[in-house]
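> Sequence plus predicted model, see below.
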2 protein chains.
Amino acid sequence: MPGSRASVRKKPTKRIRTGAVIPKEERRQQILKAARDVFVKRGYHQTTIDDIVAAAGVARGTYYLYFEDKRAVLSDLIDRFAAQITMAIQRITTDEAERSVGMQVRENIRAVIGVCLRERSMTKILFTDATGVDADFHRKLSTFYDSVVQLLTESLKDGQALGIVGDGEPRVLAYLTVGALKELLYQAVGMGLTEETTEVLTQQLFVFLSEGYLRVKLDQAPQRRRRTR
Amino acid sequence: MPGSRASVRKKPTKRIRTGAVIPKEERRQQILKAARDVFVKRGYHQTTIDDIVAAAGVARGTYYLYFEDKRAVLSDLIDRFAAQITMAIQRITTDEAERSVGMQVRENIRAVIGVCLRERSMTKILFTDATGVDADFHRKLSTFYDSVVQLLTESLKDGQALGIVGDGEPRVLAYLTVGALKELLYQAVGMGLTEETTEVLTQQLFVFLSEGYLRVKLDQAPQRRRRTR
DNA sequence: GCTCTGACTGACACTGACGTCAGTGGCAGG
DNA sequence: CCTGCCACTGACGTCAGTGTCAGTCAGAGC
């Protein structure tokens, strides 16, 4: 097989567009941005490398100078987005007097919603494409989710010890919370809601976490504490 | 191109396995079941038709006798599953005295969780693969979700009129509820929980919807009713 | 026993996406 | 002006997966 590729290559047509020479990192960004846009429009699985390079205005070969394959761009995009979300979350403290726990919780909700509404494209990609790519990718994603859930779970456990959080399996409560938030964001982004609605959504979720919404008497099932009001 | 396929076909090797002749519908089920199992194991996008027919123990050609393409099996599987879920949900009535609204809500939660834990594979497929297949499929899925959300939204609206449901935008509350349930199910299935945990999960979600879990004073934000306890 | 039917089979032709790499040209340094 | 460098280009070979269809065979009907 060595050297057997002695065939004459047709010279690459006439004109070579030769995009302006551009700082490395900038070109990388250019491709990432293009990929993101195409992913949102067509969906990750429907997208081909050709789609991406066409959108980025570079040649197929250039793409492979910056990324291993299609997964690599997605991976990079998700990493950055996950980092943004992680950074938006602040660990809750009980000792600092100026910001009550309630305020801190609210602040976290607000921050996450803010990031997701600011990065609408990425939010959509995270929820609709990042899932079901392949086993490796799934592991990566799970790790991210787990870290969020883990943090939340611990906070809830602490909260329970302090009587700030009602009872229930902390991990389950964490899932319920994250699930509610995810769906809210997914739908918000899908409906085209922008950053301006952050406040409203934050409030709704906060109230939901604080008091639920069912005001109903259970006549037969085991009655739980506090049904008076 | 017409007739140009005049080449001699090699006779299909020696032995033709020729699976027993079997009632049409049965064979269809056989393929569906095999597809489901493979989808769960490899994920929809990683699965090829060859994987499916190998698992089903039929020939490639047979597959195309029963399904248009790969999407078609998935579509069929999801349709059946969606139907099961839809049927599990009972519209809530306020007039019948014997089963309180609370019980009916609980019953619905229990039923949905029951179906999903009984059909673990399908639950996993629905949540991890059904998303991001293609535009048409996405529309189909959205229609299903929307019908569920719509039903829930209307129920919540009715509930608010009766004072059974706290205030808040009904549609948003519906999203929060569905989101919480989805995540709970996804994680439960992922952790290998079985039908036996239905009761526990139902209880947790019900309590969550009834009273949330945050028991915290908001010192600065607009105070909402009922913070005493 | 013979024929006819139709479910079933699997080799084949085809396609579309992939990753490569020989070649191009702008530019910095001599 | 020349030369070497290197970011960039795009045509090419490859291949995995698809859908088809000529061919096979089991069993029903005569």
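Thanks, I have the structure now. Numbering: from 1, shown residues only, chains lettered A, B, ... in the order given.
> show me what contacts residue A:39?
When contacts are counted by Cβ atoms under 8 Å, 6 or more residues apart in numbering or on different chains, residue A:39 touches A:47, A:74, A:77, A:121, A:125, A:129. Bear in mind the C-beta positions are built from the backbone N, C-alpha and C, glycine included.
> The closest residue to DNA strand D within chain A sits in which helix or strand?
Here the residue of chain A nearest DNA strand D is residue A:61; by Cβ to the nearest atom of the strand that distance is 1.6 Å. Element membership for residue A:61, per DSSP states H and E: helix A:60-66.
> Any stretches of chain A with poor pLDDT?
Low-confidence segments of chain A, defined by pLDDT under 70, are located at A:1-21, A:97, A:218-229.
> Please enumerate the helices of it.
A:24-42, A:49-56, A:60-66, A:70-88, A:101-118, A:120-128, A:135-161, A:170-190, A:198-211 (DSSP state H).
> if you compare those, which one is most tucked away?
Per residue and on average, the most neighbours among the helices of chain A fall to helix A:170-190, with a mean of 22 (mean count of other Cβ atoms under 10 Å in any protein chain shown).
> how about it against chain B, any contact?
Yes - legend: contact between helix A:170-190 and chain B by Cβ under 8 Å from any Cβ of the partner chain is shown at A:172-173, A:175-184, A:186-187.
> got these as JSON lines, with distance to DNA strand D columns?
Shown next, in JSON lines, are these (distance: Cβ to the nearest atom of the strand, whole Å):
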{"residue": "A:172", "distance to DNA strand D": "38"}
{"residue": "A:173", "distance to DNA strand D": "41"}
{"residue": "A:175", "distance to DNA strand D": "34"}
{"residue": "A:176", "distance to DNA strand D": "37"}
{"residue": "A:177", "distance to DNA strand D": "39"}
{"residue": "A:178", "distance to DNA strand D": "34"}
{"residue": "A:179", "distance to DNA strand D": "32"}
{"residue": "A:180", "distance to DNA strand D": "36"}
{"residue": "A:181", "distance to DNA strand D": "36"}
{"residue": "A:182", "distance to DNA strand D": "30"}
{"residue": "A:183", "distance to DNA strand D": "31"}
{"residue": "A:184", "distance to DNA strand D": "35"}
{"residue": "A:186", "distance to DNA strand D": "28"}
{"residue": "A:187", "distance to DNA strand D": "32"}
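> Can you name the two of those residues that sit furthest apart?
Across these, no pair lies farther apart than A:172 and A:187, at 22.7 Å, counting by Cβ to Cβ.
> ok so, going back, closest one of the residues of helix A:170-190 next to chain B to residue B:202?
Within the set of these, residue A:172 lies nearest residue B:202; the separation is 11.5 Å, counting by Cβ to Cβ.
> Surely the closest one and residue B:204 touch.
Yes - judged on Cβ atoms under 8 Å, residue A:172 makes contact with residue B:204 at a distance of 5.0 Å.
> Give me the common contacts of the two.
Listed as contacting both residue A:172 and residue B:204 by Cβ under 8 Å, 6+ apart are residue B:184.
> check contacts around the spatially closest residue to residue A:89 that is not a sequence neighbour.
In space, and not counting its chain neighbours, residue A:89 is closest to residue A:108: 5.4 Å by Cβ to Cβ, 6 or more residues apart in numbering or on different chains. When contacts are counted by Cβ under 8 Å, 6+ apart, residue A:108 is found next to A:88, A:89, A:90, A:92.
> Count the residues that sit near the second one.
Okay, so that is residue A:89. Taking other Cβ atoms under 10 Å in any protein chain shown as the neighbour definition, residue A:89 ends up with a count of 18.
> which residues touch it?
When the contact criterion is Cβ under 8 Å, 6+ apart, the partners of residue A:89 are A:108, A:111, A:112, A:148, A:151.
> The same query, at a cut-off of 10 Å, please.
Residue A:89 makes contact with A:107, A:108, A:109, A:111, A:112, A:115, A:147, A:148, A:151, A:152, A:155, according to Cβ atoms under 10 Å, 6 or more residues apart in numbering or on different chains.
> got the residues you listed as a markdown table, with distance to DNA strand D columns?
Listed next are the contacts of residue A:89 as a markdown table, based on distance: Cβ to the nearest atom of the strand, whole Å:
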| residue | distance to DNA strand D |
| --- | --- |
| A:107 | 42 |
| A:108 | 40 |
| A:109 | 41 |
| A:111 | 36 |
| A:112 | 35 |
| A:115 | 30 |
| A:147 | 32 |
| A:148 | 33 |
| A:151 | 38 |
| A:152 | 38 |
| A:155 | 43 |
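> re earlier: pipe the contacts of residue A:108 into CSV and attach distance to DNA strand D per row.
Listed next are those as CSV, based on distance: Cβ to the nearest atom of the strand, whole Å:
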residue, distance to DNA strand D
A:88, 33
A:89, 36
A:90, 39
A:92, 45
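> Can you redo those residues as TSV, where the extra columns are distance to residue B:168?
Rendered in TSV, the data for those read as follows (distance: Cβ to Cβ, whole Å):
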residue	distance to residue B:168
A:88	24
A:89	24
A:90	26
A:92	24
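> Identify, from these, the entry nearest to residue B:199.
Distance from residue B:199 was checked for each of these by Cβ to Cβ. The minimum falls on residue A:92, at 31.8 Å.
> I figured that closest one was touching residue A:159, is that so?
Yes - using Cβ atoms under 10 Å, residue A:92 and residue A:159 qualify as a contacting pair, with a distance of 8.1 Å.
> Name the residues contacting each of those two.
For the pair residue A:92 and residue A:159, residues contacting each of them under the criterion Cβ under 10 Å, 6+ apart are A:101, A:105.
> check contacts around residue A:138.
If you count contacts by Cβ under 10 Å, 6+ apart, then residue A:138 has A:130, A:131, A:132, B:43, B:128 around it.
> Select, from those residues, the two members most distant in space.
That would be A:130 and B:43, which, of those, are the farthest apart (Cβ to Cβ) at 12.7 Å.
> more neighbours, the two?
Legend: neighbour count by other Cβ under 10 Å for residue A:130 and residue B:43, higher for residue A:130 (24 against 20).
> how close does the more buried one get to residue A:93?
Using Cβ to Cβ, to the nearest Å, we find residue A:130 at a distance of 32 Å from residue A:93.
> what do you get for residue A:217?
For residue A:217, the distance to residue A:93 under the criterion Cβ to Cβ works out to 38 Å.
> just residue A:86 next, same as before
18 Å.
> For the closest residue to residue A:144 other than its chain neighbours, give its distance to DNA strand C.
With Cβ to Cβ, 6+ apart as the criterion, residue A:144 has its nearest non-adjacent residue at 4.8 Å, and that residue is residue A:82. When Cβ to the nearest atom of the strand, to the nearest Å is the yardstick, residue A:82 and DNA strand C sit 23 Å from each other.
> Likewise for residue A:26?
Relative to DNA strand C, residue A:26 is positioned 15 Å away (criterion: Cβ to the nearest atom of the strand).
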